[in-house]
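Enquirer: I'll drop the sequence and a predicted model, then ask my questions.
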Amino acid sequence: MVLADLGRRINSAVSEVTKSSVVDGNAVDNMLKEISNALVESDVNIRLVINMRKKLKSKIDTEEKPGVNNKKIIQKAVFDELCELVDCGGVQVYKPKRKQANVLMMVGLQGAGKTTTCTKLAVYYQRRGFKVGLVCADTFRAGAFDQLKQNATKARIPYYGSYTEVDPVTVASEGVQKFKKEKFEIIIVDTSGRHRQEKDLFEEMVQIEDTIKPSETIMVMDASIGQAAESQARAFKESSNFGAIILTKMDGHAKGGGAISAVAATKTPIAFIGTGEHIHDLESFTAKQFVSKLLGIGDIQGLMEHVKSLNLDQKDTIKNFQEGKFTLRDLQTQMNNILKMGPLSKIAQMLPGGIGEMMHQVGEEETSKRFKRMVYVMDSMTNKELDNDGEIFIDEPTRIVRVARGSGTSVTEVEAVLMQQKMFARMAQTTKNMQQQVPGGMGGK
Ligand code: GDP
């Protein structure tokens with residue numbers, strides 16, 4: 001994943017400056033230069049990068065004080081500025097309401113990934129318990145209905161379309177009426193893709209919008225166009241009143257970071273990002289979650305949200321997390337869930353503390369083996385130990401040896417589990433603090 005390279009470069013620039021015993025101006029300048037270069041190479045607009053660099057520098061200069069943890073200040077400043085770069089300024093994404101018809105109209109250029117995204121979105125909401133239907137109002141492209149039908153059938157989503165009706169407004173309107181009558185809660189309408197920003201096709205989009213009156217219009221855009229996303233979004237805005245954007249193909253392109261920051265500059269929220277061709281490769285987007293993942297800090301909220309969508313057991317963990325706690329039993333539950341969740345490479349990126357990095361270094365199979373051994377470690381602990389925050393092992397270090405023996409693992413592995421739990425616990429505390437509007441940190445020491 002190319003974005004991971006961007007994250008790694010930023011991380012190593014930050015650790016270069018924070019690992020030296022004294023943080024001097026030269027080192028900070030080098031870090032700023034390296035972060036800026038990495039962002040420009042990801043096609044982030046140079047003006048935005050210069051602006052960010054200035055702000056970052058002044059933040060570090062003004063907040064740096066003797067006796068204060070300067071490293072933490074630098075880490076937090078980088079995190080906050082990156083968030084700002086990809087944040088749309090607090091504009092909220094439409095949240096579908098239960099027990100009523102939410103009509104989502106999808107627009108975008110041909111090839112952006114619109115039809116694929118319609119099904120991904122349908123699956124996303126279906127897994128969250130909504131009754132979802134798909135309408136194909138693309139009567140322009142031959143084969144469009146077949147493509148949607150095929151995807152919908154595979155995902156078991158009810159669909160509506162026509163082989164004979166040529167007027168997209170009629171098809172859209174009939175489809176929406178039918179699903180509304182049948183009490184569907186989310187009705188996703190796929191419209192025809194434009195080759196270019198042709199006038200008559202824009203008019204068609206306006207007509208459909210006027211007829212079906214969507215709860216939200218969503219523009220689907222290919223992230224590989226990088227910073228050109230800004231002008232494309234602005235051009236569409238002239239005809240369509242879209243309220244959110246989905247950026248597709250974030251998985252394979254160096255320009256993904258550029259596209260996100262360009263969209264953020266238009267103050268339109270990014271609702272989701274597409275991260276692959278598979279039906280489940282759609283992730284909800286928030287600036288904090290995205291930057292956390294980019295920097296390998298972990299995305300616990302994203303992970304929990306993912307687990308929630310799979311209806312796996314995690315009730316107590318959520319409760320604990322909200323209270324700023326994370327016990328070994330929580331880690332055990334989460335690890336077990338992760339093993340049930342499929343491709344570890346996707347999940348590993350959501351975890352803090354280097355698991356994503358381990359995945360990168362040793363590969364999927366070895367990571368999976370190591371994960372299982374972590375679970376064996378926790379399976380050998382007593383209930384009292386599992387429900388504890390790990391401190392119990394400090395008082396009774398011999399238990400570490402016994403747990404290692406009991407689980408057929410090593411002392412180092414038991415210690416690694418304890419360290420992992422500590423990191424989650426720290427993150428739980430940070431998240432709780434952030435929710436209480438107390439300035440948090442990057443989660444690291
Ligand atoms: P449309 O013309 O906008 O409806 O585009 P399609 O849905 O037909 O998608 C065009 C191509 O992009 C297809 O080959 C999709 O599999 C691919 N695609 C869509 N979303 C993604 C994504 O998030 N990542 C990757 N790698 N490919 C995607």
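Expert: Nice, thanks for sending it over. No experiment lies behind these values; they were computed from the predicted model shown. Residues are numbered from 1 along each chain as shown.

Enquirer: SS state for Ala4?
Expert: helix (DSSP: H, G, I helix; E, B strand; the rest coil).

Enquirer: ignore the last one, Val189
Expert: strand.

Enquirer: and it, what does it touch?
Expert: Going by C-beta atoms under 8 Å, 6 or more residues apart in numbering, Val189 touches 103-106, 135, 137, 172, 175-176, 208, 212, 214. All C-beta atoms are positioned from the backbone trio N, CA, C, and that covers glycine.

Enquirer: got it, and Val28?
Expert: Contacts of Val28 (C-beta under 8 Å, 6+ apart): 17, 57, 60, 74.

Enquirer: over to Ala223?
Expert: 229, 247-250, 253, 255-256, 259-260, 273-274 are the contacts of Ala223 under C-beta under 8 Å, 6+ apart.

Enquirer: can you say which of these are buried?
Expert: 229, 247-250, 253, 255-256, 259-260, 273-274 (16 or more other C-beta atoms under 10 Å).

Enquirer: re earlier: cross-check the contacts of Ala223 against the ligand and keep the overlap.
Expert: 248-249, 274 (C-beta under 6 Å from any ligand atom).

Enquirer: dump those to TSV, plus distance to Ser12 and secondary structure.
Expert: Listed next are the ones next to the ligand among the contacts of Ala223 as TSV, based on distance: C-beta to C-beta, whole Å; DSSP: H, G, I helix; E, B strand; the rest coil:
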residue	distance to Ser12	secondary structure
Thr248	29	strand
Lys249	26	coil
Gly274	28	strand
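
Enquirer: quick check, nearest of those residues to the ligand?
Expert: Here the nearest of the ones next to the ligand among the contacts of Ala223 to the ligand, counting by C-beta to the nearest ligand atom, is Gly274; it sits at 2.7 Å.

Enquirer: in the sheet, which residues pair with that closest one? Tell me.
Expert: Leu282 (DSSP bridges).

Enquirer: mind listing what Lys237 touches?
Expert: Lys237 neighbours (C-beta under 8 Å, 6+ apart): 266, 268.

Enquirer: same thing with the one 3 residues further on?
Expert: Each residue near Ser240 by C-beta under 8 Å, 6+ apart is listed here: 107, 202, 205-206, 209, 217, 219.

Enquirer: and for the closest residue to Leu386 other than its chain neighbours, the neighbour number?
Expert: Using C-beta to C-beta, 6 or more residues apart in numbering and skipping the chain neighbours, the partner closest in space to Leu386 is Arg329 (3.8 Å). Counted with other C-beta atoms under 10 Å, residues neighbouring Arg329 total 19.

Enquirer: which strand or helix spans Arg329?
Expert: Arg329 is located in helix 328-340, with elements delineated by DSSP states H and E.

Enquirer: adding secondary structure and pLDDT, write the contacts of Val189 out as TSV.
Expert: Putting these into TSV (DSSP: H, G, I helix; E, B strand; the rest coil; pLDDT from 0 to 100) gives the following:
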residue	secondary structure	pLDDT
Val103	strand	97
Leu104	strand	97
Met105	strand	97
Met106	strand	96
Val135	strand	97
Ala137	strand	94
Ala172	helix	96
Gly175	helix	97
Val176	helix	97
Ile208	helix	94
Ile212	helix	96
Pro214	coil	97
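
Enquirer: list just the nearest of those to the ligand.
Expert: The closest of these, once distances to the ligand are taken by C-beta to the nearest ligand atom, is Met106, at 8.7 Å.

Enquirer: distance-wise, check the closest one relative to Gly113.
Expert: For Met106, the distance to Gly113 equals 10 Å [C-beta to C-beta, to the nearest Å].

Enquirer: which neighbours do those two share?
Expert: In contact with both Met106 and Gly113: Val220, using C-beta under 8 Å, 6+ apart.

Enquirer: neighbour count winner among the two?
Expert: Met106 (27 against 21).

Enquirer: dump the residue contacts of the more buried one.
Expert: 114, 117-118, 121, 188-191, 217-220.

Enquirer: up against the ligand, what does this structure have?
Expert: Going by C-beta under 6 Å from any ligand atom, the residues of the chain near the ligand are 108, 110-116, 193, 248-249, 251-252, 274-277, 281.

Enquirer: about what we covered before: going by distance to the ligand, which of the contacts of Met106 wins?
Expert: Among those, and counting by C-beta to the nearest ligand atom, the member closest to the ligand is Lys114, at 3.3 Å.

Enquirer: thought the closest one was touching Ile188?
Expert: No - contact criterion C-beta atoms under 8 Å: Lys114 and Ile188 do not qualify, at 10.5 Å.

Enquirer: who's more crowded, these two?
Expert: A count of neighbours by other C-beta under 10 Å puts Ile188 above the other of Lys114 and Ile188, at 29 against 26.

Enquirer: test my guess that the more buried one contacts Gly133.
Expert: Yes - Ile188 is within contact range of Gly133, at 7.3 Å (criterion: C-beta under 8 Å).

Enquirer: which of the residues of the chain next to the ligand are buried, as a ChimeraX select command?
Expert: Burial among the residues of the chain next to the ligand is assessed by 16+ other C-beta under 10 Å; the matching ChimeraX selection reads:
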select :108,110,112,113,114,115,116,193,248,249,251,274,275,276,281
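
Enquirer: out of the residues of the chain next to the ligand, list just those in helices.
Expert: 114-116 (DSSP state H).

Enquirer: okay, the residues you listed in CSV with pLDDT next?
Expert: Shown next, in CSV, are these (pLDDT from 0 to 100):
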residue, pLDDT
Lys114, 94
Thr115, 94
Thr116, 95
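
Enquirer: ok, Val401 to the ligand distance?
Expert: Val401 sits 48 Å away from the ligand, going by C-beta to the nearest ligand atom, to the nearest Å.

Enquirer: and what of Ser173?
Expert: 21 Å.

Enquirer: same check, this time on Lys131
Expert: Distance of Lys131 to the ligand, given as C-beta to the nearest ligand atom: 23 Å.

Enquirer: residues near that residue, how many?
Expert: Neighbour tally, Lys131, other C-beta under 10 Å: 17.

Enquirer: relative to Phe272, how far out is it?
Expert: Distance from Lys131 to Phe272, by C-beta to C-beta: 20 Å.

Enquirer: now Asn37
Expert: Spatial separation of Asn37 from Phe272 under the definition C-beta to C-beta is 29 Å.

Enquirer: and those two? Which one has more around it.
Expert: Phe272 (22 against 13).
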